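Quick one, fold the following:
(one chain, ligands or ions: 1)
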Amino acid sequence: MSTHGEIKRVTTNTLQGMKQRGEKISMLTAYDFSMARIFDDAGIDVLLVGDSASNVMAGHETTLPITLDQMIYHAQSVVRGAGRSLIIVDMPFGSYQGNSKEALNSSIRIMKESGAHAIKLEGGEEVVESIKRIVSAGVPVMGHLGLTPQSIYKFGTYTVRAKEEAEAEKLVENARLLQEAGCFAIVLEKIPATLGKRVAEELKIPVIGIGAGKHVDGQVLVMHDMLGITKDFSPRFLRRYLNLYDDIKSATANYISDIKSKDFPNDQEQY
Ligand code: KIV
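Numbering: from 1, shown residues only. Model prediction:
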């Protein structure tokens with residue numbers, strides 16, 4: 001449902017046009033109605049219902065445990081809150097790696113049950129067949145290369161990816177394959193800025209970075225990091241725009257104190 005009447009929805013074509021004009025794309029994660037509404041109202045171009053919900057909403061150590069049903073629940077809430085932004089939903093671990101039919105079915109469930117506009121999945125050549133099948137069913141797909149958190153146990157660390165030449169060449173090759181397979185955009189996570197620049201220059205589709213430097217076509221951050229709700233996560237690429245952890249903590253302490261001191265509620269705050 002649109003909260004903005006006639007405001008025009010951002011589409012995959014809008015993002016393509018932005019890349020061609022050199023206009024940077026803004027993207028944030030969102031997992032619920034209220035935050036989606038605020039971000040949308042502020043003019044964000046893209047909302048990603050990230051599987052980082054597994055970490056920041058559910059408290060898991062990795063993105064692996066979140067289920068397709070849980071992603072759909074988050075996506076439905078975001079869709080109800082945002083009338084302008086393009087809404088992309090992460091395919092969770094285990095919902096697409098089996099085979100391309102499983103991938104197609106999962107993507108169709110997301111689109112049908114949530115009302116979102118596109119899906120995102122992680123990986124290179126190993127997911128190309130699935131991407132082609134999903135795209136041919138009419139579902140826009142965003143790729144994700146570099147640090148791919150669903151494969152954390154394969155790599156064992158969250159360090160910067162593709163620093164070595166061989167891995168960098170492989171990433172460029174995979175980026176080309178994703179474009180050829182029909183992806184409308186890709187995310188590059190935690191790679192050297194020079195490599196981000198090279199991929200963004202080589203690809204015709206938009207390249208959105210998170211820790212991929214300033215030369216890519218747009219930027220994405222996890223909302224809890226951008227707003228300072230997460231306190232202990234401080235990678236170099238993160239810019240915090242608020243310190244909500246401290247602000248919410250001190251507001252909560254004031255609330256507790258007002259109750260204990262019998263200051264709240266006062267005569268005007270009761271019936
Ligand atoms: O799940 C997520 O939040 C993401 C972003 C980090 C791009 O995939």
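
what does the host helix or strand of Leu177 rub up against?
Leu177 is part of helix 165-181, with elements assigned from DSSP states H and E. Residues outside helix 165-181 that contact it (C-beta atoms under 8 Å, 6 or more residues apart in numbering) are 124-125, 128, 131-132, 135, 141, 143, 145-146, 161-162, 186, 188, 191-192, 195, 198-199, 202-205, 207. All C-beta atoms are positioned from the backbone trio N, CA, C, and that covers glycine.

Enumerate every residue touching Ile72.
Residues near Ile72 by C-beta under 8 Å, 6+ apart: Val89, Arg109, Ile110, Glu113, Ser114.

Tell me how far the third one lies from Ile152.
Think Ile110. Ile110 is 22 Å from Ile152, where distance means C-beta to C-beta, to the nearest Å.

Can you pick out the residue with more neighbours from the two?
Between Ile110 and Ile152, counted using other C-beta atoms under 10 Å, the more crowded position is Ile110 (25 against 16).

Assumed Gln20 was part of a strand.
No. Applying DSSP: H, G, I helix; E, B strand; the rest coil, one finds Gln20 to be helix, outside a strand.

picking that back up, return a ChimeraX selection command for the buried portion of the contacts of helix 165-181.
Buried residues within those, by 16 or more other C-beta atoms under 10 Å, are selected in ChimeraX with:
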select :124,128,131,132,135,141,143,145,146,161,162,186,188,191,192,195,198,199,203,205,207
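
Which ones among the contacts of helix 165-181 lie within helices?
With DSSP state H as the criterion, helices contain Val128, Ile131, Lys132, Val135, Leu195, Arg198, Val199, Glu202 from among the contacts of helix 165-181.

List just the nearest of the contacts of Ile72 to the ligand.
For the contacts of Ile72, the minimum distance to the ligand (C-beta to the nearest ligand atom) is 10.0 Å, reached by Val89.

Leu64: what's it in contact with?
By C-beta under 8 Å, 6+ apart, the neighbours of Leu64 are Ser54, Phe93, Gly94, Gln150, Ile152, Tyr153.

Show me which residues of the stretch 151-271 of the chain sit near the ligand.
Within the stretch 151-271 of the chain, the positions adjacent to the ligand are Val187, Glu189, Ile210, Val220, Val222 by C-beta under 6 Å from any ligand atom.

Tell me, what's the model's pLDDT at Ile7?
Note for Ile7: predicted pLDDT of 70.

which one is it nearest to, not counting chain neighbours?
Of all residues not flanking Ile7 in the chain, Arg84 sits nearest, at 4.9 Å (C-beta to C-beta, 6 or more residues apart in numbering).

any idea how far Glu164 is from the closest residue to the ligand within the chain?
Across the chain, the shortest distance to the ligand (C-beta to the nearest ligand atom) belongs to Gly50, at 2.5 Å. Gly50 is 27 Å from Glu164, where distance means C-beta to C-beta.
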